[in-house]
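Undergrad: below is the sequence, then the predicted model.
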Amino acid sequence: MRASRCADRAIGMERGWWRGAQVLALAAALTAMLPGVAAAQGHSSRDGETAPTARPEDVRSIDAIVAALYDVISGPAGAERDWDRFRSLFLPGARLIPTGAGSDSVYGATVLTVEEYIERAHDFLARNPFYEGELGRQTHRFGNIAELFSGYASRRAPGEAPFVRGVNSIQLVFDGTRWWVATILWAQERPGLTLPPELSGQGAKPAP
(Lines give C-alpha, C1' and ligand atoms only; values in the text may rest on other atoms or scores of the structure.)
Protein backbone atom coordinates (compact mmCIF):
# COMPACT_ATOMS: atom_id res chain seq x y z
CA MET A 1 0.00 0.00 0.00
CA ARG A 2 2.11 10.64 -1.57
CA ALA A 3 3.90 13.88 -1.83
CA SER A 4 2.82 14.55 -5.40
CA ARG A 5 -0.47 14.84 -7.26
CA CYS A 6 0.69 12.12 -9.61
CA ALA A 7 1.05 9.77 -6.68
CA ASP A 8 -2.32 10.86 -5.26
CA ARG A 9 -4.02 9.93 -8.53
CA ALA A 10 -2.38 6.51 -8.39
CA ILE A 11 -4.21 5.66 -5.19
CA GLY A 12 -7.61 6.13 -6.81
CA MET A 13 -9.46 7.30 -3.69
CA GLU A 14 -13.13 8.24 -3.67
CA ARG A 15 -15.38 11.24 -2.91
CA GLY A 16 -13.11 14.01 -4.14
CA TRP A 17 -11.28 14.70 -0.89
CA TRP A 18 -8.74 12.00 -1.70
CA ARG A 19 -7.31 11.34 -5.14
CA GLY A 20 -5.11 8.45 -5.11
CA ALA A 21 -3.31 5.31 -3.92
CA GLN A 22 -0.10 3.75 -3.66
CA VAL A 23 0.85 0.48 -2.59
CA LEU A 24 2.44 -0.90 -0.46
CA ALA A 25 3.50 -0.27 0.45
CA LEU A 26 2.27 -1.50 3.04
CA ALA A 27 -2.86 -0.75 10.97
CA ALA A 28 -6.25 -1.24 11.88
CA ALA A 29 -8.01 -4.18 13.49
CA LEU A 30 -9.79 -6.73 11.32
CA THR A 31 -13.41 -6.32 12.31
CA ALA A 32 -15.08 -9.31 10.69
CA MET A 33 -15.13 -12.68 12.45
CA LEU A 34 -13.42 -15.14 10.13
CA PRO A 35 -14.11 -18.89 10.15
CA GLY A 36 -10.46 -19.68 9.36
CA VAL A 37 -7.23 -18.35 7.96
CA ALA A 38 -5.80 -21.15 5.84
CA ALA A 39 -6.73 -20.88 2.16
CA ALA A 40 -5.08 -24.23 1.53
CA GLN A 41 -7.78 -25.75 3.76
CA GLY A 42 -10.57 -23.95 1.92
CA HIS A 43 -11.34 -21.42 4.64
CA SER A 44 -12.92 -18.13 3.68
CA SER A 45 -14.47 -14.94 5.03
CA ARG A 46 -18.17 -14.47 5.69
CA ASP A 47 -18.38 -12.87 2.23
CA GLY A 48 -17.09 -16.08 0.67
CA GLU A 49 -13.63 -14.73 -0.16
CA THR A 50 -10.82 -17.23 -0.51
CA ALA A 51 -7.15 -16.59 -1.25
CA PRO A 52 -5.03 -18.28 -3.92
CA THR A 53 -2.38 -20.62 -2.54
CA ALA A 54 0.70 -18.61 -1.61
CA ARG A 55 4.29 -19.34 -2.48
CA PRO A 56 5.72 -20.91 0.70
CA GLU A 57 8.75 -18.62 0.55
CA ASP A 58 6.47 -15.54 0.56
CA VAL A 59 4.69 -16.35 3.83
CA ARG A 60 7.09 -18.32 6.01
CA SER A 61 8.19 -15.33 8.12
CA ILE A 62 7.43 -11.68 8.85
CA ASP A 63 10.45 -10.63 6.78
CA ALA A 64 9.29 -12.80 3.87
CA ILE A 65 5.72 -11.52 3.68
CA VAL A 66 6.79 -7.87 3.96
CA ALA A 67 9.36 -8.38 1.20
CA ALA A 68 6.70 -10.05 -0.97
CA LEU A 69 4.27 -7.15 -0.45
CA TYR A 70 6.77 -4.63 -1.79
CA ASP A 71 8.09 -6.90 -4.53
CA VAL A 72 4.73 -7.85 -6.04
CA ILE A 73 3.68 -4.26 -6.74
CA SER A 74 7.06 -3.14 -8.09
CA GLY A 75 8.09 -3.28 -11.73
CA PRO A 76 8.79 -1.41 -14.97
CA ALA A 77 6.22 0.30 -17.16
CA GLY A 78 4.13 -2.18 -19.10
CA ALA A 79 4.76 -5.05 -16.70
CA GLU A 80 1.56 -6.74 -15.53
CA ARG A 81 1.66 -7.38 -11.79
CA ASP A 82 1.06 -10.88 -10.45
CA TRP A 83 -2.25 -10.11 -8.79
CA ASP A 84 -2.86 -13.70 -7.70
CA ARG A 85 0.42 -13.56 -5.81
CA PHE A 86 -0.78 -10.28 -4.27
CA ARG A 87 -4.11 -11.86 -3.29
CA SER A 88 -2.37 -14.87 -1.76
CA LEU A 89 -0.71 -12.68 0.89
CA PHE A 90 -3.98 -11.44 2.39
CA LEU A 91 -6.30 -12.98 4.94
CA PRO A 92 -9.78 -13.40 3.45
CA GLY A 93 -11.67 -10.24 4.42
CA ALA A 94 -8.47 -8.16 4.71
CA ARG A 95 -8.58 -4.39 4.17
CA LEU A 96 -6.25 -1.78 2.68
CA ILE A 97 -6.75 1.76 4.00
CA PRO A 98 -5.07 4.78 2.36
CA THR A 99 -5.23 8.06 4.27
CA GLY A 100 -4.65 11.63 3.15
CA ALA A 101 -6.00 15.14 2.79
CA GLY A 102 -8.01 16.82 0.07
CA SER A 103 -7.83 20.35 -1.26
CA ASP A 104 -9.76 21.50 1.80
CA SER A 105 -7.01 20.06 4.05
CA VAL A 106 -9.48 17.69 5.68
CA TYR A 107 -7.92 14.31 6.42
CA GLY A 108 -9.74 11.07 5.92
CA ALA A 109 -9.40 7.40 5.01
CA THR A 110 -10.97 5.04 2.52
CA VAL A 111 -11.41 1.36 3.38
CA LEU A 112 -10.76 -0.96 0.42
CA THR A 113 -11.06 -4.69 -0.04
CA VAL A 114 -8.19 -6.44 -1.77
CA GLU A 115 -10.22 -6.56 -5.01
CA GLU A 116 -11.11 -2.87 -4.78
CA TYR A 117 -7.46 -2.00 -4.32
CA ILE A 118 -6.50 -4.09 -7.37
CA GLU A 119 -9.20 -2.39 -9.48
CA ARG A 120 -7.85 1.05 -8.58
CA ALA A 121 -4.13 0.25 -8.87
CA HIS A 122 -4.14 -2.13 -11.87
CA ASP A 123 -4.04 0.33 -14.79
CA PHE A 124 -1.60 2.76 -13.17
CA LEU A 125 0.85 0.02 -12.19
CA ALA A 126 0.61 -1.57 -15.66
CA ARG A 127 1.40 1.73 -17.41
CA ASN A 128 3.95 3.32 -15.10
CA PRO A 129 7.30 2.31 -13.65
CA PHE A 130 6.86 1.95 -9.92
CA TYR A 131 9.22 0.51 -7.35
CA GLU A 132 8.55 0.51 -3.63
CA GLY A 133 10.80 -0.77 -0.90
CA GLU A 134 11.19 -0.77 2.85
CA LEU A 135 13.50 1.73 4.54
CA GLY A 136 13.12 0.74 8.19
CA ARG A 137 10.73 -1.08 10.49
CA GLN A 138 9.37 -1.26 14.02
CA THR A 139 7.73 -4.55 15.01
CA HIS A 140 5.51 -5.52 17.92
CA ARG A 141 4.53 -9.18 18.24
CA PHE A 142 2.31 -11.01 20.72
CA GLY A 143 1.89 -14.72 20.06
CA ASN A 144 0.40 -15.23 16.61
CA ILE A 145 -0.26 -11.54 15.85
CA ALA A 146 2.15 -8.80 14.83
CA GLU A 147 1.87 -5.08 14.09
CA LEU A 148 4.52 -3.31 12.02
CA PHE A 149 5.38 0.28 11.16
CA SER A 150 7.20 -0.10 7.84
CA GLY A 151 8.82 3.03 6.43
CA TYR A 152 8.70 2.95 2.63
CA ALA A 153 10.11 4.82 -0.37
CA SER A 154 8.45 4.87 -3.81
CA ARG A 155 10.66 5.31 -6.87
CA ARG A 156 10.27 5.37 -10.65
CA ALA A 157 13.43 3.30 -11.09
CA PRO A 158 15.64 1.27 -8.75
CA GLY A 159 18.32 3.48 -7.25
CA GLU A 160 16.56 6.75 -8.07
CA ALA A 161 15.66 9.27 -5.41
CA PRO A 162 12.16 8.51 -4.06
CA PHE A 163 9.30 10.71 -5.20
CA VAL A 164 7.41 9.93 -2.01
CA ARG A 165 8.03 8.29 1.35
CA GLY A 166 5.65 7.24 4.08
CA VAL A 167 4.63 4.57 6.56
CA ASN A 168 2.68 1.37 6.02
CA SER A 169 1.07 0.17 9.24
CA ILE A 170 0.67 -3.57 8.70
CA GLN A 171 -1.17 -6.10 10.85
CA LEU A 172 -0.25 -9.75 10.44
CA VAL A 173 -1.68 -13.07 11.66
CA PHE A 174 0.17 -16.40 11.95
CA ASP A 175 -1.95 -19.56 11.66
CA GLY A 176 0.74 -22.00 12.77
CA THR A 177 1.89 -22.60 9.19
CA ARG A 178 2.12 -19.21 7.47
CA TRP A 179 1.70 -15.45 7.92
CA TRP A 180 -1.25 -13.48 6.54
CA VAL A 181 -1.80 -9.74 6.07
CA ALA A 182 -4.97 -8.65 7.88
CA THR A 183 -4.77 -4.89 7.32
CA ILE A 184 -2.53 -2.26 5.76
CA LEU A 185 -3.11 1.39 6.75
CA TRP A 186 -0.78 3.97 5.24
CA ALA A 187 0.16 7.65 5.21
CA GLN A 188 2.78 9.65 3.35
CA GLU A 189 5.20 12.34 4.41
CA ARG A 190 3.97 15.90 4.18
CA PRO A 191 5.22 19.33 5.28
CA GLY A 192 5.88 19.15 8.98
CA LEU A 193 5.73 15.35 9.05
CA THR A 194 8.82 13.33 8.11
CA LEU A 195 9.91 9.79 8.80
CA PRO A 196 11.78 9.29 12.07
CA PRO A 197 15.31 7.84 11.81
CA GLU A 198 14.25 4.31 12.74
CA LEU A 199 11.77 4.21 9.83
CA SER A 200 13.91 6.03 7.27
CA GLY A 201 16.88 3.67 7.33
CA GLN A 202 18.97 6.06 9.39
CA GLY A 203 18.37 4.37 12.73
CA ALA A 204 17.75 0.81 13.88
CA LYS A 205 17.60 -1.85 11.18
CA PRO A 206 14.31 -3.61 10.36
CA ALA A 207 13.32 -6.15 12.98
CA PRO A 208 13.57 -9.84 12.03
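TA: Yes, it's here.
Undergrad: residues near residue 177, how many?
TA: Neighbours of residue 177 under the rule other C-beta atoms under 10 Å: 12. To be clear about C-beta, it is placed using only N, CA and C from the backbone, and glycine gets the same treatment.
Undergrad: distance of residue 142 relative to residue 95?
TA: Distance of residue 142 to residue 95, computed by C-beta to C-beta, to the nearest Å: 21 Å.
Undergrad: wait, I meant residue 129
TA: Taken as C-beta to C-beta, the span from residue 129 to residue 95 is 27 Å.
Undergrad: what's the answer for residue 108, then?
TA: Distance from residue 108 to residue 95, by C-beta to C-beta: 15 Å.
Undergrad: which one of these two has more residues nearby?
TA: For residue 108 versus residue 95, neighbours defined as other C-beta under 10 Å are more numerous around residue 95 (24 against 14).
Undergrad: what ranges do the helices span in this structure?
TA: Assigned by DSSP state H, the helices in the chain fall at 5-11, 56-59, 62-73, 83-88, 114-127, 197-200.
Undergrad: need these in TSV (columns: mean pLDDT, mean neighbour count and distance to residue 149).
TA: Below are the helices of the chain laid out as TSV (pLDDT from 0 to 100; neighbours: other C-beta atoms under 10 Å; distance: least, C-beta to C-beta, whole Å):
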stretch	mean pLDDT	mean neighbour count	distance to residue 149
helix 5-11	38	19	19
helix 56-59	98	15	20
helix 62-73	98	21	11
helix 83-88	98	18	21
helix 114-127	94	17	20
helix 197-200	96	18	6
